[in-house]
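Undergrad: Could you work out the structure for the sequence below:
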Amino acid sequence: MGNSDSKISFQRAVEQLGSPGPVEAGDVAVWDQLCQESLTSIQDVFSLLPAEEIRKLREDSPTNLSTLCYKIVEKLTKSVESSCRTSAEQQTVLNSCRLLTRLIPYIFEDPDWRSFFWSKPEPGMKEGADQTPLGKSMMLAICDLLFCPEFTVSSAGNRSRDEVDELINLDSCEYIWEKGVGFAQTPSQTPQHHHNRVELLRLILTCCSESIYLPPTNEAHIGGNKWVHLFTSPENRHALPLFTSLINTVCGYDPAGVLPYNHLIWADSKENLVEMALQVLVVTLDQDLPMDGDNPDGPPDNLFLNYLSRIHREEDFQFMLSGITRLLMNPLVQTYLPGSQRKVHFHQELLIFFWKLCEHNRKFMFHVLKSSDVLEIIVPILHHLNDARADHSRVGLMHIGVFILLLLSGERNFGVRLNKPYTATVPMDIPVFSGSHADLLIIVFHKIITTGHQRLQPLFDCLLTILCNISPYLKSMSMTAACKLIHLVEAFSTPWFLMSNQTNHNLVFFLLEMLNNIIQYQFDGNYNLVYTMIRKRTVFHQLANLPTDCSTMQKNASKKSKKPLTRKSSQIEDESMEGSQPARPAEPGTLKASLMKLPRIENLTEDVSAHPSKKLMDQLTQSLASNSLESGKPIAAVAGSPVQPGADVGRGEAAGSEKVEENEKKDDSSSTADKWVPTPEWISSWKNKMPLQTVMRMLQVLVPQVEKMCIDKGLTDESEILRFLQNGTLVGLLPVPHPILIRRYQANPGT
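TA: Numbering: from 1, shown residues only. Predicted coordinates:
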């Protein structure tokens, strides 16, 4: 009954604010009713303050809205001054944070109000009073309250609450929330403290998310995010303990618990805290690349990025890697007791956090790559990529997963680790196979390219670049992966696809480079791939003899086969793993994620020799020691959009003929809009540069031998041919081995 009365009085106070006349700042009763009523959750505030009421208040009574914000922030600052010792003050802080969390998005959405928190204080304020902008006062007060004993942290030692120092003078480094990076103690945990932290962090996250309310123009984002800048700047005296508290809270969390089904018996107060801490970390670790003329070599202004780049202890690296791996694998783990473990679902934020770690702390990335632990990260990434390939709303997840793989593939150890045999522990919608983690990577990439949605087309260059980077180190490829790889060559080398866009031939170049690397450096163990290439040798012969005359070109450019190109094999059946679920498109009505146009692959990567000279090695060592990241090149304009080969290649696996026709219509309309026509000169400019020499020489040597053996012995079984190829050699028969070229990711505004 009492709770119902408090909600009624709260609504009356809101109605009074919305009245035409201004409410005096000295009318204490109104402001106290709004902040001190016993509203038990953020849901209460959202239900009692509907969007229409807030917008009406903003438009009809702007003075009252302004005064309300000032009064709420004033209560937060006064709570800090009094050290927030009583339960009444703590309840006031919680309700104040809930109110601001509800109001601030509607202030951000109005261009006239965006500077409100950073403008001069109230006009009626007396001279000599504190002239600090409202936003700064609010953010610093929240940071103080995040380390308030008996409110958000437990008291240190055995001291009582009254013996604790004043909050304004407290050394927050003694009150870091969790054991882990930079903190060896194990502080006591209280569920109520977890809930209170969530309320404060939710308000910080709301403030730091101002960017999503701004128009997507460069002018609107000049100056960066002031909230993030303040939160991560030296002006926030709690920056270091906050950074370590957030990281330790995320990486130290184990949702499994000790007993099965424990999450059905009691609630886990830390799950919401971990998710909120992870989201705050992701937002605050974002960095605007320096504009032209700025100095990118100095230390970052963002203290969180500075601290992240300076973590160096092996035990800290292992703590973070174990925590990220545990949480990424959590929703995918299969147990004998169905539903016995709590499942967390913030894998997208985890991947962004892992991306930030690898990008800004090279030592951490080398720690990840020096053991097979990296595979515990790769498997869930590939699972999420495969699962999200048909969902438009998860295109951001696809991008971050591919960028992580691109970043890691620039290092030799990544390709070497992929040779470890793969044991299926996670059900995936891919064919059953027996092979290595590299086979898993190739099969998932094939699925993405042939059955993914149209918005994934800009990622094709990145996917094939990853395959090129790892190819010199792949010791043995399974028959399933080999067939999928040659299927991509067959799909991308069809004349109509090559003539559909002026950049599509680059995809064939990537695939040929990958095959050359394997033939030159890993021929002995890749007999499955060699056998598949021999069976599909006509694909390479047709590519070498691609016509350049106008009549044939026009015929090929206008030809789009209605019959899907499907891989024929007597040995491999595409039966998905047991227990796997097919990739599903987004639910009707789901908003499509909006992303910047992806730069071309040459602007995303830099070419590095796998065998650098001593001079280059010294340069790399110096750059690593200074921990400086290369500045990104400007985004190049992408001429046209590549045509989706999956519309005609294996598209029947995921969609019916209606989807194929729809995609073809889109391709037709886009090609008409581009007004680009292939010319003989254009084809000759890249046809003569195709790296086919190694492949054609291998076929020239092996095809006659295989044919002779089959005729002489009357072979019809593949196993005898595979055994022959396994024991064969091409030493002295191939062209001079080419140098291994690795394309490493470099920072870019598009990513």
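
Undergrad: Now do Pro299, the pLDDT please.
TA: On the pLDDT scale, Pro299 is placed at 51.

Undergrad: gap between Leu418 and Thr552?
TA: 41 Å (CB to CB, to the nearest Å). No exception for glycine: its C-beta is placed from N, CA and C like everyone else's.

Undergrad: who's more crowded, the two?
TA: Between Leu418 and Thr552, Leu418 has the larger neighbour count (other CB atoms under 10 Å), namely 25 against 13.

Undergrad: And the residue nearest to the more buried one when sequence neighbours are not counted, what's its pLDDT?
TA: Nearest residue to Leu418, sequence neighbours excluded (CB to CB, 6 or more residues apart in numbering): Ala438, at 4.0 Å. Ala438 carries a pLDDT score of 95 in this model.

Undergrad: so what's Ala438 up against?
TA: Shown in contact with Ala438 (CB atoms under 8 Å, 6 or more residues apart in numbering): Gly415, Leu418, Asn419, Ile470, Leu474, Met477, Ala481.

Undergrad: and of those residues, the nearest to Asn225?
TA: When those are compared for distance to Asn225 (CB to CB), Ile470 wins out at 36.7 Å.

Undergrad: Was I right to think the closest one contacts Asn413?
TA: No - between Ile470 and Asn413 there is no contact under CB atoms under 8 Å: 10.7 Å.

Undergrad: Neighbour count for those two, which is higher?
TA: Ile470 (27 against 16).

Undergrad: Which secondary structure state is assigned to the more buried one?
TA: helix (DSSP: H, G, I helix; E, B strand; the rest coil).

Undergrad: now Ile742
TA: strand.

Undergrad: That one and Gly410, how far apart?
TA: 6 Å.

Undergrad: next one: Tyr521
TA: 17 Å.

Undergrad: Who has more neighbours out of these two?
TA: Applying other CB under 10 Å to Tyr521 and Gly410 shows that Gly410 carries more neighbours, namely 21 against 18.

Undergrad: thought that one was touching Ile470?
TA: No - using CB under 8 Å, Gly410 is not in contact with Ile470, being 10.0 Å away.

Undergrad: which residue sits closest to the residue positioned nearest the centre of the chain, ignoring its sequence neighbours?
TA: For the chain, the residue nearest the mean C-alpha position is Ile400 (3.0 Å; CA atoms, centre = their mean). Leaving aside its sequence neighbours, Ile400 sits nearest to Leu351 (CB to CB, 6+ apart; 5.1 Å).

Undergrad: re the thing from before, so what sits against both of Ile470 and Asn413?
TA: Joint contacts of Ile470 and Asn413 (CB under 8 Å, 6+ apart) do not exist.

Undergrad: how about the helices of the stretch 51-200 of the chain, start to end?
TA: With DSSP state H, counting those that start in this stretch, the ranges of helices along the stretch 51-200 of the chain come out as 51-60, 62-81, 87-108, 134-145, 191-208.

Undergrad: In terms of secondary structure, what does the fourth one contact?
TA: Going back to what we said before, that points to helix 134-145. helix 62-81, helix 87-108, helix 191-208, helix 226-231 (3 or more CB pairs under 8 Å, 6 or more residues apart in numbering; DSSP states H and E).
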